[in-house]
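In: Quick one: sequence plus predicted model below, questions after.
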Amino acid sequence: MTRLPLRLALPPLALFVLLAAPRPLAAQTTASTPLGPTQGLVRDATVTAVLHDISPSRLRATDSALVSFGTRNTLSDTLSSTRGIGAARRWLHAQMEAISKDCGGCLRVEYDPAMVEVMRDPARPTVNVVNVLGWLPGRDTTHVIVIGGHYDSCVCSLPGGGYDTTTTAPGADDDGSGSSAVLELARTFAKRYPHGLNATIVFAIYAGEEQGLLGSTHLAKRLKDGGYTVLAGMTDDIAGDVQAEDGTVDSTHVRIFAADPDNSPSRELGRYVWALGHLYLHGFTVNPIWRIDRIQRGGDHMPYVESGWAGLRFSEPLENYNHQHLPTDQFQFVNFGYLANVARANAMTVASIAAAPITPQDARAVREAHGASGGQAWALSWQPSPGAVKYEVLIRRTISPQYERVVDVGNVTNYVLHTQLDDEWAGVRAVDANGHRSMTAPLPSPPPLRSFNRAPEPGRGARGGSGPTP
């Protein structure tokens, strides 16, 4: 008698059930445990204290002062003591110096100038772009975290407004809000961490954003050329208005924008911030947006992404275009209680990354093609992170936006993962003796970078055009 093949011996429905039934993730891994929304991160009492220190009234005072300079266009007056970008940057520098004096000189305050060609202008003029920086040195001076906002303003939605140096451009929300948050972060971190953390922190207030991310591009290049590794390059931009044009109000969410691909450093940073939000913020939600920025828009995190680092943008959930790039971007439309919550989201992120061991470097995943697993096991490896006492391997399905399971692999720098990684993503993070966890290094590594085109300037101001614009 001839034996029938299995595919003919089973009823069609039974065959479908047999083939379609997925293997549960727990059966594919060893000693793994489920992860909740906080992703196994642990609350730090000092971080909680920093969040309480952030003051809406100080944010209000800073934004009011910035608006008082009339216009902060990058090409505006640099000599006046009361109007223009020169007066604004001298005031910001003096504020940073005062913060440093109060903490015994813990901040290294500097002007960060550069003569930069404006690529989006057909005439290619060269302009003097001056950032204001406050450095909080860490025990590791080669790995830095950058949190920034841009202090320049414009009336870019008006014809020729990007280069209009005389029309009043209050820039209260875009981006007086972000600059105010950065200055407040510098103040609170200097108070709570006068001796620094593990990584170095740069509080960056940029110029030239409205002409094509000039200040942040210069700083990212300066850091790369100087041999620094940026663990996270983040910006607060348009972060204080809670009411849309139609009257809709949302004061309980902040958007974070993280670039493709799904296993990029920026996405790992986004997942980290998302988890921290569940840990530290109550009644205020971090809303991840998995793209580089809003459609056809851009921000000061992008040069860090282009450099191969993790970049992220914090922004209000409901943008009112009548309060951007126009003389109507006025002080009364900024909600400083909301802005304080955005600054708290910044603070929990910066402090958590800076306190943890650095993200494991040179993380690799190699298929064990000729072993007993028949190609399903993967050899994972990474470089040791100073200060780490153990490492954790995280796993998620490719359709999951956040990690779902964790394997405590101990104090090793290689591990064989018995799972079909073709169907999942994995990552590794470092843990120190106090439970601080680094961001996750993706396994396998992301594909090569792509560049984001920022020129020429769109012809229809903030709402239109064919390429990203700030």
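Out: Everything's here; your move.
In: Now for this protein: which helix has the highest residue count?
Out: helix 336-355 (DSSP state H).
In: okay, that one in CSV with CA atoms only?
Out: The C-alpha trace of helix 336-355 is given here as CSV (Å, rounded to 0.1, in the frame of the first residue of the first chain):
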residue,chain,number,x,y,z
PHE,A,336,4.0,77.7,31.0
GLY,A,337,2.5,75.0,33.1
TYR,A,338,2.5,72.8,30.0
LEU,A,339,6.0,73.9,29.1
ALA,A,340,7.2,72.9,32.6
ASN,A,341,5.9,69.4,31.9
VAL,A,342,7.8,69.2,28.6
ALA,A,343,10.9,70.3,30.5
ARG,A,344,10.3,67.6,33.0
ALA,A,345,10.1,65.1,30.2
ASN,A,346,13.5,66.4,29.0
ALA,A,347,14.9,66.3,32.5
MET,A,348,14.0,62.6,33.2
THR,A,349,15.6,61.7,29.9
VAL,A,350,18.8,63.6,30.2
ALA,A,351,19.4,62.6,33.8
SER,A,352,18.6,58.9,33.2
ILE,A,353,20.9,58.6,30.2
ALA,A,354,23.7,60.6,31.9
ALA,A,355,23.5,58.5,35.1
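In: Could you tell me which residues within it count as buried?
Out: 336, 338-355 (16 or more other C-beta atoms under 10 Å). All C-beta spots, glycine's among them, are computed from the backbone N, C-alpha and C.
In: Same check on stretch 81-98?
Out: Neighbour count says stretch 81-98 has 83-89, 91-93, 95-96 buried, by 16+ other C-beta under 10 Å.
In: Filter those residues down to just the ones in strands.
Out: Among the buried residues of stretch 81-98, none falls in strands (DSSP state E).
In: Serialize those to a markdown table and add fields for distance to Pro122.
Out: Formatted as a markdown table, these follow (distance: C-beta to C-beta, whole Å):
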| residue | distance to Pro122 |
| --- | --- |
| Arg83 | 29 |
| Gly84 | 25 |
| Ile85 | 23 |
| Gly86 | 26 |
| Ala87 | 30 |
| Ala88 | 28 |
| Arg89 | 28 |
| Trp91 | 33 |
| Leu92 | 31 |
| His93 | 33 |
| Gln95 | 37 |
| Met96 | 36 |
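In: ok, those residues vs Leu279, which is closest?
Out: Taking C-beta to C-beta as the measure, Leu279 lies nearest Met96 of the buried residues of stretch 81-98, at 29.6 Å.
In: from the middle of its chain, how far away would the longest helix of the chain be?
Out: Here the centre of helix 336-355 is set off from its chain's centre by 11 Å, with C-alpha atoms, centre = their mean, to the nearest Å.
In: Closest to Gly283 out of the buried residues of stretch 81-98?
Out: Nearest to Gly283 out of these is Gln95 (C-beta to C-beta; 30.0 Å).
In: How about the contacts made by that closest one?
Out: 62, 183 (C-beta atoms under 8 Å, 6 or more residues apart in numbering).
In: for Lys221, same thing?
Out: Lys221 touches 303, 307, counting by C-beta under 8 Å, 6+ apart.
In: Which helix or which strand is home to it?
Out: Counting by DSSP states H and E, the element that carries Lys221 is helix 214-225.
In: Which is the succeeding secondary structure element to that helix?
Out: strand 229-236.
In: relative orientation of that next one and helix 214-225 in degrees?
Out: 170 degrees (axes from the mean of the first three to the mean of the last three C-alpha atoms, to 10 degrees).
In: Show me what strand 229-236 is packed against.
Out: With contacts taken as 3 or more C-beta pairs under 8 Å, 6 or more residues apart in numbering; DSSP states H and E, strand 229-236 sits against strand 140-150, helix 176-192, helix 214-225, helix 302-306, strand 311-315, helix 336-355.
In: and the ones you listed as a markdown table, adding distance to Gly410 and mean pLDDT?
Out: Converted to a markdown table, those look like this (distance: least, C-beta to C-beta, whole Å; pLDDT from 0 to 100):
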| stretch | distance to Gly410 | mean pLDDT |
| --- | --- | --- |
| strand 140-150 | 23 | 98 |
| helix 176-192 | 32 | 98 |
| helix 214-225 | 34 | 98 |
| helix 302-306 | 33 | 98 |
| strand 311-315 | 31 | 98 |
| helix 336-355 | 22 | 98 |
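In: Distance to Gln39 for these - can I get that in TSV?
Out: Formatted as TSV, those follow (distance: least, C-beta to C-beta, whole Å):
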stretch	distance to Gln39
strand 140-150	19
helix 176-192	23
helix 214-225	28
helix 302-306	22
strand 311-315	16
helix 336-355	11
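In: which one of those lies closest to Ala31?
Out: Here helix 336-355 is closest among the helices and strands packed on strand 229-236 (C-beta to C-beta), at 25.9 Å.
In: any residues touching the helix or strand following that closest one, and which ones?
Out: Following helix 336-355 in sequence order, the next helix or strand is strand 364-367 (DSSP H and E). With contact meaning C-beta under 8 Å, 6+ apart, strand 364-367 is reached by 375, 377-382, 417, 421, 426, 443-445.
In: can you name the two of these that are farthest apart?
Out: Longest span within the contacts of strand 364-367, C-beta to C-beta: Gly375 and Trp382, 21.7 Å.
In: Counting neighbours, go ahead and name the busier of the two.
Out: Taking other C-beta atoms under 10 Å, Gly375 and Trp382 do not tie; Trp382 has more neighbours (23 against 12).
In: I figured that one hits Gly427, correct?
Out: No. The criterion here is C-beta atoms under 8 Å, and Trp382 misses it with Gly427 at 10.1 Å.
In: Need the residues touching each of those two.
Out: Contacts common to Trp382 and Gly427, judged by C-beta under 8 Å, 6+ apart, are 363, 441.
In: got the buried residues of stretch 81-98 as a markdown table, with pLDDT and distance to Cys106 columns?
Out: Putting those into a markdown table (pLDDT from 0 to 100; distance: C-beta to C-beta, whole Å) gives the following:
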| residue | pLDDT | distance to Cys106 |
| --- | --- | --- |
| Arg83 | 98 | 32 |
| Gly84 | 98 | 30 |
| Ile85 | 98 | 27 |
| Gly86 | 98 | 27 |
| Ala87 | 98 | 26 |
| Ala88 | 98 | 24 |
| Arg89 | 98 | 21 |
| Trp91 | 98 | 21 |
| Leu92 | 98 | 18 |
| His93 | 98 | 16 |
| Gln95 | 98 | 15 |
| Met96 | 98 | 11 |
